[in-house]
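**Q** compute the structure for the input listed below.
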Amino acid sequence: MFWFGPCSCTLPHDDLTVTLNRQGAKDGPAKQADKDNLSRAETEVVSLQRLLELRSHEALEARRSERLWRERVEAFEGAVEQQKEDTLDITSDMMRQYKIMQDQMSKKIATLEAETRSLKQTFQDKDSEVAKLLGERDGVKRACDNEVAEYQRRMEDMQVEFTQMLRETLDK
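**A** Predicted structure coming up:
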């Protein structure tokens, strides 16, 4: 759009009027028609000048309003872009923390699983040792019971023998 500014052109109607007056009375009705046409043209020019000024002012206002809206849009776009960056930063930080925690938990799980396996093995070893000791104890107990039974049988045999010897001795 072009800005023409207020137009200060005026029609030289006074010169025309003077020229028309010099031509004499023979141009009376034509003179009046020319004056009317001149007056209408001047009114139309003034009206068009005002309309041009009004439209120019409206165009300026529209451009200023457009500039303000563009500035606001740019500000909002900047804010949205900043928020996107902040969100991306927060997301990447949270992902980093998550991966660190996941690594820590994986290490802790591996450590606890190794400890569990070790304790199970120790438990199995102790179970085997207890079973072995119980077996040995049962074996020792059976051996002792057998030995006691053997001693009791021998004692009974000796008692029977002694009783027989005593009877034989008494019978004689």
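**Q** distance check, Val130 against Arg137.
**A** 10 Å (Cβ to Cβ, to the nearest Å). Placement of C-beta: from N, CA and C, glycine included.
**Q** and what of Phe76?
**A** 88 Å.
**Q** contacts for stretch 93-113?
**A** Applying Cβ atoms under 8 Å, 6 or more residues apart in numbering, stretch 93-113 has no contact partners.
**Q** what about it, average pLDDT?
**A** Averaged across stretch 93-113, pLDDT comes to 97.
**Q** mind listing what's buried in it?
**A** Within stretch 93-113, no residue counts as buried by 16 or more other Cβ atoms under 10 Å.
**Q** with just CA atoms, put it into CSV.
**A** Presented in CSV, the C-alpha positions along stretch 93-113 are these (Å, rounded to 0.1, in the frame of the first residue of the first chain):
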residue,chain,number,x,y,z
ASP,A,93,17.1,-35.6,33.0
MET,A,94,14.3,-38.0,34.2
MET,A,95,15.4,-40.6,31.6
ARG,A,96,19.0,-40.3,32.8
GLN,A,97,17.9,-40.7,36.5
TYR,A,98,15.7,-43.6,35.5
LYS,A,99,18.6,-45.4,33.8
ILE,A,100,20.9,-44.7,36.7
MET,A,101,18.3,-46.1,39.1
GLN,A,102,17.7,-49.1,36.8
ASP,A,103,21.4,-49.8,36.7
GLN,A,104,21.6,-49.6,40.5
MET,A,105,18.7,-51.8,40.9
SER,A,106,20.1,-54.3,38.4
LYS,A,107,23.4,-54.4,40.4
LYS,A,108,21.6,-54.8,43.7
ILE,A,109,19.4,-57.6,42.3
ALA,A,110,22.5,-59.3,40.9
THR,A,111,24.2,-58.9,44.3
LEU,A,112,21.2,-60.2,46.2
GLU,A,113,20.8,-63.2,43.8
